[in-house]
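**Q** From the sequence below, what's the structure:
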Amino acid sequence: MVTLMSQENMVALVSRTGRHLQRYSKGRRQVVGCIPYRYKNAKQTSLVEAGELEVLVISSQKGKGMLFPKGGWEKDESIKEAALRETLEEAGVRGVVQRELGKWNFKSKTHDTYYEGYMFPLLVEEQLDFWPEKDVRQRKWMTVQEAREVCQYLWMKEALDKLVNRLTTQQHVDEEQVGPCLVC
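**A** Numbers count the residues shown, from 1 in each chain. Okay, the predicted model is just below:
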């Protein structure tokens, strides 16, 4: 028996490797990543209604720490394409990449290399059972507080704080725009 699958559900089970297509700016390697997030109750879209926001962290390949998916931004892709690719390769999730959280300059803990890192929120729409780095990484949904405690990079914690602030601020703006119903 042959099973047909649509191409949109197919994922290449190999991560990109090598640095020959990597982008650099002023000698700093450019990396991009996402903070994958969801609401505990998938039907809710606000922090208050959902009660809690969850973020997806992954294990580091080289250590015991946890982090958000990120990797090199390559010359043949846009910054959002790179963020989506890295998140799919490392965490096995797909979704909507939203407005950039910011840019951080940092030095590698293991190499004497400087980086320019960009982070994006990714509202998760699909979690895959198989993905390129499934055998080398673990992924775990956590509360924001749990993620702050286990995330090994300060710059990623700052990006997480920006995400929470943005979502909280947007929720308050949405509530103010709707306002009370006086005619109901």
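
**Q** Please, where are all the strands along the protein?
**A** 24-25, 28-39, 53-59, 66-67, 70-72, 93-97, 102-107, 114-127, 139-143 (DSSP state E).

**Q** List of residues touching the fourth one?
**A** Contacts of strand 66-67 with the rest of the structure, by C-beta atoms under 8 Å, 6 or more residues apart in numbering, involve 57-60, 140, 147, 150-153, 156. In this view, the C-beta of every residue, glycine as well, is placed from N, C-alpha and C.

**Q** ditto for the fifth one
**A** With C-beta under 8 Å, 6+ apart as the contact definition, strand 70-72 has outside contacts at 16, 19, 22-23, 29-34, 82, 85-86, 89-90, 117, 119, 156.

**Q** gap between it and the chain center?
**A** Here strand 70-72 shows a centroid-to-chain-centroid distance of 11 Å under the convention C-alpha atoms, centre = their mean, to the nearest Å.

**Q** For the residue positioned nearest the centre of the chain, give its distance to W141.
**A** The centre of the chain sits closest to C34, judged by C-alpha atoms, centre = their mean, with a distance of 2.2 Å. Plainly put, C34 is 14 Å away from W141 if you go by C-beta to C-beta, to the nearest Å.

**Q** M156 now?
**A** 16 Å.

**Q** ok, how many other residues are close to the residue lying closest to K62 once chain neighbours are set aside?
**A** Closest residue to K62 apart from its sequence neighbours, by C-beta to C-beta, 6 or more residues apart in numbering: T110 at 6.7 Å. Look at T110: counted by other C-beta atoms under 10 Å, it has 7 neighbours.
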